[in-house]
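**Student:** What would the 3D arrangement of this be:
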Amino acid sequence: MKPRLFALSDVHVSHAANRALLEGITSHENDWLILGGDLGETPDHLRWVLDQMAPKFSRLIWVPGNHELWSMGEGTPRGQAKYDQMVSICRERNVLTPEDPYVEFAGAASTVLAPLFLLYDYSFRPADVARENVIAWATETGHKCADETYLFFEPHASREAWCHARCDDAEARLSALPEGTRTILINHFPLRAEHAYLPLLPRFSVWCGTTRTEDWHLRFKARAVVFGHCHMRSTRWRDGIPFEEVSLGYPKQWNNARTADSFLREIIPGPEEAQPDGTAVRR
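**Tutor:** Presented below is the predicted three-dimensional model:
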């Protein structure tokens with residue numbers, strides 16, 4: 001039996017209800033699991049999730065969310081050092097990260113899993129809002145992303161600079177893949193601005209991605225794109241490719257009458273037929 005590929009993100013295990021849900025996920029020992037970021041805010045949160053999921057799946061793949069990069073308290077690693085700390089925790093457990101070579105998924109020939117860490121550069125904003133005004137514009141409605149307080153970027157000059165360095169690296173690696181290789185693109189943040197719209201927080205999109213990746217699903221022959229961050233679980237279609245938003249979210253954002261396993265999104269085999277562009281299926 002071929003292994004299946006599942007995905008789940010934004011499990012935020014600082015919440016007891018979310019921890020209980022993860023404990024309720026049953027064994028899928030032949031299958032692989034993508035953990036799409038925002039598992040928690042601390043190294044111990046990451047360790048807990050990995051140690052909880054590793055015995056239940058054949059292999060784990062992790063990408064960081066913004067919450068994993070938060071630095072709170074004296075002596076906490078910041079910026080690149082915080083990311084490196086989280087990567088080390090994953091590598092101690094043989095979990096694939098954006099720093100590791102892309103691997104071919106055994107359940108789909110010539111398909112590689114490409115975990116990415118791309119951040120955002122405030123470019124998901126209206127054309128008439130200048131970069132120097134974007135934070136003030138985004139917070140006019142009373143909402144400001146906690147990243148502005150807790151997500152540091154040293155040794156880079158800015159979050160944008162870190163984002164662009166990450167994009168340059170990923171673009172080079174993806175461009176070097178052998179001809180005909182299909183990809184599963186995995187990133188915490190949406191790759192397209194159209195998938196970063198939150199109806200209740202429309203200006204939050206500025207903390208959600210970069211326009212540099214708008215066409216990556218075509219350029220790099222994506223079989224599927226996996227992301228989270230927006231806490232809006234769905235499958236959306238663009239150019240015949242499913243974009244899978246796989247967030248769990250905070251306890252009030254998910255239905256506790258559902259089984260734990262029902263929150264795992266099947267990426268491969270995944271949907272059998274492509275749907276018209278713009279079609280969104282709530283999951």
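**Student:** right, and the secondary structure at Asp277 would be what?
**Tutor:** Classification of Asp277 into helix, strand or coil gives coil, according to DSSP: H, G, I helix; E, B strand; the rest coil.
**Student:** Go ahead and confirm it touches Arg238.
**Tutor:** Yes: taking contact to mean CB atoms under 8 Å, the distance of 5.5 Å between Asp277 and Arg238 places them in contact. Bear in mind the C-beta positions are built from the backbone N, C-alpha and C, glycine included.
**Student:** So which of these two has more stuff around it?
**Tutor:** Per other CB atoms under 10 Å, whichever of Asp277 and Arg238 has more neighbours is Arg238, with 21 against 12.
**Student:** So in terms of bridging, what pairs with the more buried one?
**Tutor:** Each beta-bridge partner of Arg238 is listed here: Ile241, as defined by DSSP bridges.
**Student:** quick one: pLDDT of it?
**Tutor:** Reading off the per-residue confidence, Arg238 sits at a pLDDT of 97.
**Student:** what's the answer for Arg283, then?
**Tutor:** According to the prediction, Arg283 has pLDDT 81.
**Student:** Check the gap between the closest residue to Leu151 other than its chain neighbours and Leu22 for me.
**Tutor:** Once its chain neighbours are removed from consideration, Leu151 has its nearest residue in Leu69; the separation is 5.2 Å (CB to CB, 6 or more residues apart in numbering). Counting by CB to CB, to the nearest Å, the separation of Leu69 from Leu22 is 21 Å.
**Student:** Which one's more surrounded, these two?
**Tutor:** The residue with more neighbours, out of Leu69 and Leu22 and counting by other CB under 10 Å, is Leu69; that gives 27 against 19.
**Student:** that's a helix at Ala127, yeah?
**Tutor:** No: inclusion of Ala127 in a helix is not indicated when three-state DSSP is applied; the result is coil.
**Student:** Number of residues surrounding it?
**Tutor:** Neighbour count of Ala127, defined by other CB under 10 Å: 5.
**Student:** just Leu201 next, same as before
**Tutor:** Going by other CB under 10 Å, the residues that sit close to Leu201 add up to 15.
**Student:** Over to Ile241?
**Tutor:** By other CB under 10 Å, 18 other residues sit near Ile241.
**Student:** Quick one, grab the pLDDT at it.
**Tutor:** The model reports Ile241 with a pLDDT of 97.
**Student:** hmm, back to that, phi first, then psi, for the residue nearest to Leu151.
**Tutor:** Dihedral pair for Leu69: phi -90, psi -10, per degrees, to the nearest 10.
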